[in-house]
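> just the structure for this:
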Amino acid sequence: MGWGPDRWRFYRLVGHEAGRVLRGAAVRATSRPSALARLRPTGLVIAPQDLRTSDATIAADIYAGLFVFAGRALATGGRSPFDFAPPSPQWGEELYGFGWLRHLRAAESALSRSNARAFVQDFMAGRGDQDLAQRPAVVARRLISLLCQSPLVLEGADHAFYQAFLKLIGRSTRSLDRALRRGIMPRDRLVAAVALAYAGLCCEGFEPVLRRGTRLLHRELTRQILPDGGHRSRDPGFAKDLLLDLLPLRQSFLSRDIAPPEALLNAIDRMLPLLRLLRHGDASLGHHNGMGATAADQLATLLVYDGALAKPLMHAPHTGYARLEGGGGTLVVADIGAVPPPAYSAAAGAGCLSFELSCGPQRLVVNCGMPATGEEMRELARTTAAHSTVCLADSSSCRFLALPQPSVIHPLAAWLKRRMGPIVVRGPAEVTVERGSDAAGAAVLAARHDGYAPTLGLLHERRWRLHPDGALLEGHDGFVRDAAGRGGPAEAAIRFHLHPSVRASRVGRGVRLAGAGAPWLFEADEIDPVIEESVFFAALNGARRTEQIVLHLTAADGTRVAWRFRRLPD
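Predicted structure coming up:
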């Protein structure tokens, strides 16, 4: 399939990125060497708290030579993990990020401390995939991890190892400074700024690093954290991981008797309520725009900082999410946002007007979620068909930068993808939203998006109505021509992906859903639903088979479909 109406948008992206590369080269050519290039830390003064949960049983696996990261496992047979090629890029990022040191710290033994020093020593000796290890996001994660776990690594170490450790901290800091001067993607810039602030607070003689990190942190938080607390990527997982770093960073400023930047305090205060908006009754986040499996203990740790009685945000208009609550713990979380800017969209999904439905701890309707690893599966998880929304003409409402492409564009596409990742070239740009309640007290949400307008000339409308008692969710999907009046008939599939714990069975013209809680009944007007196979990528133990309810129809201007989920007596 050719680029069609997206061709000129693609060329504009190439031109924009090429201009950014040239501007970065000009800045490097005319600027003086960075003051950070000559700095060396002289000692460590604090070790920030690591809020990520540790597990001593994982330390036992590491002792045995079993390293399980990002859904992949590697048995080293007593050799160093740095002697092996990573099973996947995500696995390698976890290994070289050294976040797993926290599990060794949890073991609280001389063996764990000795192992930690040995692994750090292996890395300092230059073993492993250094290209992967020197990616800015990996360097930033490693710097934060080493500073947080420095008591584990340095307890009982000799002077030579301590000096080598400080040199590693200094090299990592200079590497991030160089990457920032070259120009890197926005998410990496923000993580790098956090890491520089950590280094400046933890190390003696790093006052210039702290000043630079604080300036960058203020700038990037102001740019990237939206007024309602979401990140510009709209990725809940990135926001969660960012908060796990920002909260200890705030405390580190206070520990050094330094006032935290105002942008840091404001970002934390805004981000925590947004996580509550996306949180379901089973303590997991909704699977939107790059979100995979939720570490429930990490989320619980974060929400403690927001107060046990804090109320969730109900509508995040800037980030593009909304929450409907009914009695009995019934909850709807909907994606009502436009596609993120290209530089932030490498993990974004084509799930506009998708939603997830839960009742208490029982997840019912879900999106497929992002798998921890596997490029093909990750690309599949971003398509519209992997979301609980309408898919037109078996295509996605977003156009992703993927290969191969037509020969004229292919070299440019390959270059752009290396620079920016699998970004979204085109997607829903205008999403209109109405929210309120009706005379019966039911919560009502209605939205429309134009993601299919450039290719099919149709706009998709969806309306949700959740009754006050939470026992009935009514939905309507509709289609209208775009402003140019081009919309012709197109085959449509309205998909409702089910959580793996739910079993679906036909009951008359409806579908009965049975799980751990009360059963539910799905019905649609004038269309018989069918039950088809699906896959849930976001399970903690890897992808799992599941099912989906699908309504097949031909969509044209004026087509309307009504459907409903009704909670049945136990």
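
> who's in contact with Asp303?
Careful, residue 303 is Leu and not Asp. Leu272, Leu275, Arg276, Arg279, Ala310 (C-beta atoms under 8 Å, 6 or more residues apart in numbering). C-beta: built from backbone N, CA, C; applies to glycine.

> next structured bit after the helix or strand where the first one lies?
Right, the one you point to is Leu272. According to DSSP states H and E, Leu272 maps onto helix 262-278. Of the helices and strands lying after helix 262-278 in sequence (DSSP H and E), the nearest is helix 296-304.

> re earlier: most neighbours among the contacts of Leu303, which one is it?
When neighbours are counted by other C-beta atoms under 10 Å, Arg279 leads the contacts of Leu303 with 24 neighbours.

> quick one: contacts for the residue nearest to that one when sequence neighbours are not counted?
Leaving aside its chain neighbours, Arg279 sits nearest to Leu285 (6.0 Å; criterion: C-beta to C-beta, 6 or more residues apart in numbering). By C-beta under 8 Å, 6+ apart, Leu285 lies in contact with Pro236, Gly237, Lys240, Leu275, Leu278, Arg279, Met291, Thr294, Leu299.

> just among those, which is most surrounded?
Those, ranked by neighbours (other C-beta under 10 Å): first place Pro236, 28 neighbours.

> torsion angles phi and psi at that one?
In terms of degrees, to the nearest 10, the main-chain angles of Pro236 are phi -60, psi -30.

> would you confirm that it contacts Ser284?
No: with contact defined as C-beta atoms under 8 Å, Pro236 does not count as touching Ser284 (10.1 Å).

> for the stretch 401-550 of the chain, which segments count as strands?
Secondary structure of the stretch 401-550 of the chain (DSSP state E, counting those that start in this stretch): strands at 424-426, 431-437, 443-449, 458-466, 472-481, 490-498, 503-507, 510-514, 520-524, 530-536, 544-555.

> for Leu74, which of those strands is the nearest?
Leu74 lies closest to strand 544-555 among those, at 22.5 Å (C-beta to C-beta).

> would you mind measuring from Thr76 to Glu108?
Thr76 is 23 Å from Glu108, where distance means C-beta to C-beta, to the nearest Å.

> meant to ask about Gly292
Applying C-beta to C-beta, the value for Gly292 to Glu108 is 30 Å.

> so where's the stretch 1-150 of the chain shaky on pLDDT?
Applying pLDDT under 70 to the stretch 1-150 of the chain flags the ranges 1-11, 16-17, 19-35, 37.

> and what of the stretch 301-450 of the chain?
Across the stretch 301-450 of the chain (using pLDDT under 70), the flagged ranges come out as 308-309, 403-410.

> now with 50, please.
404-408 (pLDDT under 50).

> helices of that one, residue ranges please.
Along the stretch 301-450 of the chain, the segments classed as helices by DSSP state H, counting those that start in this stretch run 375-381, 410-420.

> let me have these in a markdown table, extended by mean neighbour count and distance to Arg509.
Listed next are the helices of the stretch 301-450 of the chain as a markdown table, based on neighbours: other C-beta atoms under 10 Å; distance: least, C-beta to C-beta, whole Å:
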| stretch | mean neighbour count | distance to Arg509 |
| --- | --- | --- |
| helix 375-381 | 16 | 31 |
| helix 410-420 | 16 | 46 |
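
> in a markdown table: these, plus distance to Gly475.
Output for those, formatted as a markdown table (distance: least, C-beta to C-beta, whole Å):
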| stretch | distance to Gly475 |
| --- | --- |
| helix 375-381 | 23 |
| helix 410-420 | 36 |
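
> and those: which comes nearest Gln224?
Here helix 410-420 is closest among the helices of the stretch 301-450 of the chain (C-beta to C-beta), at 15.9 Å.

> now do the contacts for Cys352.
335-339, 389, 397, 427-428, 431, 449, 451, 460.

> for those residues, which one is nearest Ala197?
Closest to Ala197, out of all of the contacts of Cys352 and judged by C-beta to C-beta, is Gly337, at 29.3 Å.

> for that closest one, give its distance to Met271.
In terms of C-beta to C-beta, Gly337 sits 16 Å off from Met271.

> and Gly320, by the same measure?
Distance from Gly320 to Met271, by C-beta to C-beta: 15 Å.

> just Val339 next, same as before
Relative to Met271, and taking C-beta to C-beta, Val339 is found at 21 Å.

> who has more neighbours, those two?
Using other C-beta under 10 Å, the more surrounded residue of Val339 and Met271 is Val339, with 27 against 24.

> for the more buried one, grab phi and psi.
Torsion angles, degrees, to the nearest 10, at Val339: phi -70, psi 140.

> can you get me a residue count around the spatially closest residue to it that is not a sequence neighbour?
Spatial nearest neighbour of Val339, excluding adjacent residues (C-beta to C-beta, 6+ apart): Gly427 at 3.1 Å. Counted by other C-beta under 10 Å, the residues lying close to Gly427 total 24.

> quick check, Gly427 in contact with Thr383.
No: in this structure, Gly427 is not within contact of Thr383 by C-beta under 8 Å, at 11.8 Å.

> give the residues shared as contacts by these two.
Ala350.

> Gly292 and Glu108: which is more packed in?
Gly292 (22 against 11).

> below-threshold pLDDT in the stretch 151-300 of the chain: ranges please.
In the stretch 151-300 of the chain (pLDDT under 50), no residue qualifies.

> let me see the ranges of the helices in it.
Under DSSP H, counting those that start in this stretch, the stretch 151-300 of the chain gives helices at 159-182, 186-202, 207-224, 236-255, 262-278, 296-304.

> tilt between the fourth one and helix 186-202?
Regarding helix 236-255 and helix 186-202, their directions subtend 20 degrees when assessed with axes from the mean of the first three to the mean of the last three C-alpha atoms, to 10 degrees.

> mind listing what's buried in helix 236-255?
236-253, 255 (16 or more other C-beta atoms under 10 Å).

> what angle do that helix and helix 262-278 make?
Using the same axes, to 10 degrees, the inter-axis angle of helix 236-255 relative to helix 262-278 is 140 degrees.

> contact partners for the residue nearest to Val365 when sequence neighbours are not counted?
What sits nearest to Val365 in space, not counting adjacent residues and going by C-beta to C-beta, 6+ apart, is Leu357, at 4.0 Å. By C-beta under 8 Å, 6+ apart, Leu357 lies in contact with Thr330, Leu331, Val332, Leu364, Val365, Leu473, Phe565.

> mind redoing it with 6 Å?
Going by C-beta atoms under 6 Å, 6 or more residues apart in numbering, Leu357 touches Val332, Leu364, Val365.

> repeat that for Ala346.
Gly421, Pro422, Ile423 are the contacts of Ala346 under C-beta under 6 Å, 6+ apart.

> give me the neighbour count for the last one.
This means Ile423. 26.

> could you do the second one as well?
Burial measure for Pro422: 18 neighbouring residues, criterion other C-beta under 10 Å.

> state the distance from it to Ala413.
Counting by C-beta to C-beta, the gap from Pro422 to Ala413 is 10 Å.

> ok, now the last one?
As for Ile423, its distance to Ala413 is 11 Å (criterion: C-beta to C-beta).
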